[in-house]
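**Student:** Build me a model:
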Amino acid sequence: MSIKLFYKKMNTVSETLSASQLSHFRKTLHQYPEVSNQEHQTAQRVVDFLKKYSPKQLLEQVGGTGVVATFEGAQPGKHVLIRCELDALPIAEINDFAHKSISEGVGHKCGHDGHMAIVAGLAPFLQDLPKGKVSLLFQPAEETGEGALQMLDDEKFKAIQPDYVFALHNLPGSPLHQILVKPGAFSAASKGMIVRLIGETSHAAEPQDGKSPALAMAAIVQMLDGLPTAHSFEDFTLITVVHALLGEIAFGTTPGYAEVRATLRTFSNKDMQKLTNEAVSQAQAIAQKYDLGIEIAWTEAFAAAVNNVACVETIKKVAKSHELELKQVTAPMKWSEDFGQFTERYPGALFGLGAGEHHPQLHNPDYDFPDEILSTGIAMFWGIIQESL
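**Tutor:** Residues are numbered from 1 along each chain as shown. Take a look at the predicted model:
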């Protein structure tokens, strides 16, 4: 069935949920954004919405603020999980429409409000499943890379055990409604590295009496910048130094502390492990050369989202059945998405949904999710569920 016929047949998102009601729900989520691991009101709004459709099981506070609604068919069958994200970003909104964020310095600048509306909009379709199970998962803290593992490691989640997992991400710059797929890695692995160098302060007139980390800090910055090209990797690797700190602003003091922060990024999890090991080894060697203490910490770690080939074929089949424009990309997206934690454990796939060629980009202060693609996302997921079951 073409997407136009799909819309015409429904005339609404479903018999019990109109397109305008779904848009209103999305805009409400947009107006009241919450950052990672603080999504309490957002989760409650999702729960209140889902309760109208009587899921067999509704789990709350999974991995923090996470929500999982499971619908069961009359007959046994496969278990499909559809995942979206609850959190917004610490980015101030500059739009001036009625549903503008009321939270100062916080906005849904990645489209998670739209992703939630799409996944919640599946609920009316799932009330009369002929067989199998479908779980709708609303995950906290995607933006920091924490939420997926928080949910996966929660005892409440361990009883779910899906057979397949699917997710989408809207993609500004791609034509409206276009479906983008790729077998294998779809989005990059990334992690934040924090290198702390501990020396000893001294009077600026007597630097020999202290241990300044200045030269070591400079050497580490240069090392990290050149590391991806200094070694052989399977695919794309990148290190971006994002911050450096040396001592205090005190002209009478030789510094005794330095800090370097960098983002490591690769297209494969194997390359990420190799890049990590090399960065740690060489940073430690530099610290030892300058007789400094060293501490290394990590933050915002994302695994590459690696798509199962069969699951990608399912997405392609559904897109073709709706006569949607389909594009198979050749290289993974450089941004990261912690859905990779799900695809490390279960067969699944993440795909892109075009948000418009001239639409403001993700994380831009003027971004807003385009309501035109809400029904497209629902149609895609509903088709994937039918195919998978």
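
**Student:** would you list every one of the helices in this protein?
**Tutor:** For the chain, helices defined by DSSP state H occupy the ranges 3-10, 19-31, 40-51, 112-120, 147-152, 214-230, 269-289, 309-321, 340-343, 374-388.

**Student:** Now the longest one: buried residues?
**Tutor:** Residues of helix 269-289 classed as buried under the neighbour-count rule (16 or more other Cβ atoms under 10 Å) are 271-272, 274-276, 278-279, 282-283, 286-287. (C-beta placed from N, C-alpha, C; glycine too.)

**Student:** Closest to Q208 out of those residues?
**Tutor:** Nearest to Q208 out of these is A287 (Cβ to Cβ; 19.1 Å).

**Student:** That closest one contacts R196, doesn't it?
**Tutor:** No - the pair A287 and R196 does not pass the contact test of Cβ atoms under 8 Å, sitting 9.7 Å apart.

**Student:** got any residues that touch both of these two?
**Tutor:** Listed as contacting both A287 and R196 by Cβ atoms under 8 Å, 6 or more residues apart in numbering are I294.

**Student:** bridging residues for F166?
**Tutor:** F166 forms beta bridges with I82, A349, as assigned by DSSP bridges.

**Student:** ok now do it, which residues does it touch?
**Tutor:** 80-83, 311, 315, 348-351, 381, 384.

**Student:** The same query, at a cut-off of 6 Å, please.
**Tutor:** 82, 348-349, 384 (Cβ atoms under 6 Å, 6 or more residues apart in numbering).

**Student:** just checking, which of the helices of the chain comes out with the lowest mean pLDDT?
**Tutor:** Among the helices of the chain, helix 3-10 carries the lowest mean pLDDT, at a mean of 54.

**Student:** list the buried ones in stretch 321-333?
**Tutor:** Neighbour count says stretch 321-333 has 321-322, 324, 326-327, 332-333 buried, by 16+ other Cβ under 10 Å.

**Student:** same thing with stretch 150-159?
**Tutor:** 150-152, 154, 157.

**Student:** How far away from the center of its chain is that stretch?
**Tutor:** Centroid separation for stretch 150-159 versus its chain: 18 Å, with Cα atoms, centre = their mean, to the nearest Å.

**Student:** Average pLDDT for stretch 54-68, rounded please.
**Tutor:** Mean predicted confidence for stretch 54-68 is 98.

**Student:** ok, so of the buried residues of stretch 150-159, who is nearest V67?
**Tutor:** M151 (9.6 Å).

**Student:** Report the spatially closest residue to the closest one, excluding sequence-adjacent ones.
**Tutor:** With Cβ to Cβ, 6 or more residues apart in numbering as the criterion, M151 has its nearest non-adjacent residue at 3.4 Å, and that residue is G63.

**Student:** roughly how far apart are the one you found and L180?
**Tutor:** 28 Å (Cβ to Cβ, to the nearest Å).

**Student:** re the thing from before, format the helices of the chain as CSV; extra columns: distance to V134.
**Tutor:** CSV is the format used below for the helices of the chain (distance: least, Cβ to Cβ, whole Å):
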stretch, distance to V134
helix 3-10, 18
helix 19-31, 18
helix 40-51, 12
helix 112-120, 10
helix 147-152, 17
helix 214-230, 41
helix 269-289, 28
helix 309-321, 14
helix 340-343, 15
helix 374-388, 6
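
**Student:** tell me the most buried of those?
**Tutor:** Comparing the helices of the chain by mean neighbour count (mean count of other Cβ atoms under 10 Å), helix 112-120 ranks first with a mean of 27.

**Student:** If you count contacts, what does that helix end up packed against?
**Tutor:** helix 19-31, strand 75-85, helix 374-388 (3 or more Cβ pairs under 6 Å, 6 or more residues apart in numbering; DSSP states H and E).

**Student:** rewinding a little: out of the buried residues of helix 269-289, flag the one nearest to F49.
**Tutor:** Ranked by distance to F49 (Cβ to Cβ), the buried residues of helix 269-289 are led by M272 at 36.9 Å.

**Student:** hang on, isn't the closest one packed against R265?
**Tutor:** No - using Cβ atoms under 6 Å, M272 is not in contact with R265; the gap is 8.3 Å.
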